[in-house]
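1. A structural model of the following input is requested.
(4 chains)
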There are 2 protein chains.
Amino acid sequence: MGALDEHDRAILRLLRQDARMSNAALAQAIGLSPSACLRRLRLLERRGVIRGYTVVLDEPSPREGVVVIVQITLERQTDEHLRRFEEAVRRCPEVRECYLMTGLADYLLRVEARDAADYERIHKEQLSRMPGVARIQSSFAIRAVIRGA
Amino acid sequence: MGALDEHDRAILRLLRQDARMSNAALAQAIGLSPSACLRRLRLLERRGVIRGYTVVLDEPSPREGVVVIVQITLERQTDEHLRRFEEAVRRCPEVRECYLMTGLADYLLRVEARDAADYERIHKEQLSRMPGVARIQSSFAIRAVIRGA
DNA sequence: GTTGAAAATAGCGCAGA
DNA sequence: TCTGCGCTATTTTCAAC
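-> You can find the predicted model right below:
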C-alpha cells in the first residue's frame, strides 16, 4: 500500500521545486491528465506522504545571524506526540536542523535568529508553543568554526 | 525599501502554513482584494523575500550514514588552545559542522559516519587525538527530522 | 487599492480499458 | 482500479478606474 510509483515520485520532485505550480502544469509535466494527476496528489496528501506546503523565505545572510542549539524534551514520547511535534517543527523556518536523539533530551535543534532579541521571539512564539514540549534548553554558539546550511 | 508592512507579514505567515492556498482565500484572510493581494505576492517574489515554495514531506529525503552530535571540552580555553583545536577540526572531513559554544562544553560538532563502527574509528583516530581535548561526549541521532548540509 | 470581465484552472461525476 | 473526458464553479490575471 505504501509504494510510490514513478508518477508519484515525479509529482513530489516537481512540487519540491515549486509547490505552487498549477495542477494543469504538473499533469502535463508528468504526462497524465489533470484529473488523474490531481487524484494522485490528493491521495498523497491523505496518506500523509505530503504533510503540507510552505514558503521558502530569503535567508538572513549567514554571517549576521546567531546560531542557537536547542535541546527539547517532550512531555511524552508516544508516536503521536513525536509526530505532532515534528509537524510543528517542520513548519518553523528558523529551525535549520532537527534530530531525534538518544539520551536525556528528545530533540536537538539548530535555530538561526537575527540576534538575541529575535531568538527570544522565536523561543516565546514558536518553540514554547509547539505541542507536547516539556523543557527547552538553549545554548548559544559564540562562533561557527564549520558552518552548516 | 526592505520594509514589510502588516499585510506582507500576514501573507508570509499564512503561506508558511499552506503555500498552496488560493490567492482568493489568502486575500480574504488578510482583508484585501484578490488583485491587491496577488500584486503584493508577486512583489515579494520579485524582491527575493520569497525564494520559492516547497512541499513538506513525511520523511526528509533519506541519506545514508549516521549523525552523531559530539560535545567536546578542552583542557584549557586559551586562544592558542582554541586555535590549534579548530585547525585540527577543520581538517577532519567527517565533521560537518562545528560551533564554539557557551555553557558546559566548549565545542559542539555534527559528525557524519557511515555506521556505528565507522564512528568508533573517527572517535578513536580523529576526535580523541585532536590537540587539547579533555572530554568527548557523543549522542547519536535516531533520525533526522530536518537535515543539514 | 478596487472593481469587473475574460482566460485558465480546479474539482467532480461518469464511462471505458 | 486507474485513466481520460466533459462540465461547472472557482480562481487567476489583466485592464481601467
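2. check contacts around the nearest residue to A:Ile50 once chain neighbours are set aside.
-> With CB to CB, 6 or more residues apart in numbering or on different chains as the measure, A:Leu44 is the residue that lies nearest to A:Ile50, at 4.7 Å, once sequence neighbours are left out. From N, CA and C alone the C-beta is placed, and that goes for glycine too. Neighbour list for A:Leu44: A:8, A:11-12, A:50 [criterion: CB atoms under 8 Å, 6 or more residues apart in numbering or on different chains].
3. most neighbours among those, which one?
-> Each of the contacts of A:Leu44 was scored by neighbours using other CB atoms under 10 Å in any protein chain shown; the highest score is A:Ile11's, at 24 neighbours.
4. before we move on, back to that, redo the contacts of A:Leu44 as TSV? Include pLDDT.
-> As requested, the contacts of A:Leu44 are exported to TSV (pLDDT from 0 to 100):
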residue	pLDDT
A:Asp8	96
A:Ile11	96
A:Leu12	95
A:Ile50	94
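5. ok, those residues vs DNA strand D, which is closest?
-> The nearest member of the contacts of A:Leu44 to DNA strand D, counting by CB to the nearest atom of the strand, is A:Asp8 at 9.1 Å.
6. need the residues of chain A near DNA strand C, please.
-> Those residues of chain A that sit near DNA strand C, judged by CB under 7 Å from any atom of the strand, are A:22-25, A:34-35, A:38.
7. widest-spaced pair of those?
-> A:Ala25 and A:Ser35 (14.4 Å; CB to CB).
8. who's more crowded, the two?
-> Here A:Ala25 and A:Ser35 are compared on neighbour count by other CB under 10 Å; more neighbours surround A:Ala25, at 13 against 10.
9. I'd like the next helix or strand past the helix or strand hosting that one.
-> A:Ala25 belongs to helix A:23-30 when elements are defined using DSSP states H and E. The element immediately downstream of helix A:23-30 (helix or strand, assigned by DSSP H and E) is helix A:34-47.
10. which residues sit in contact with A:Val70?
-> Listed by CB under 8 Å, 6+ apart, the contact partners of A:Val70 are A:108-111, A:127, A:136-139.
11. just the buried ones from those residues?
-> For those, a neighbour count by 16 or more other CB atoms under 10 Å in any protein chain shown gives the buried set as A:108-111, A:127, A:136, A:138-139.
12. quick check: of the residues you listed, which lies closest to chain B?
-> Each of those was checked against chain B using CB to the nearest CB; the closest is A:Ser139, at 4.7 Å.
13. please, which helix or strand holds that closest one?
-> Taking DSSP H and E as the definition, one finds A:Ser139 inside strand A:133-146.
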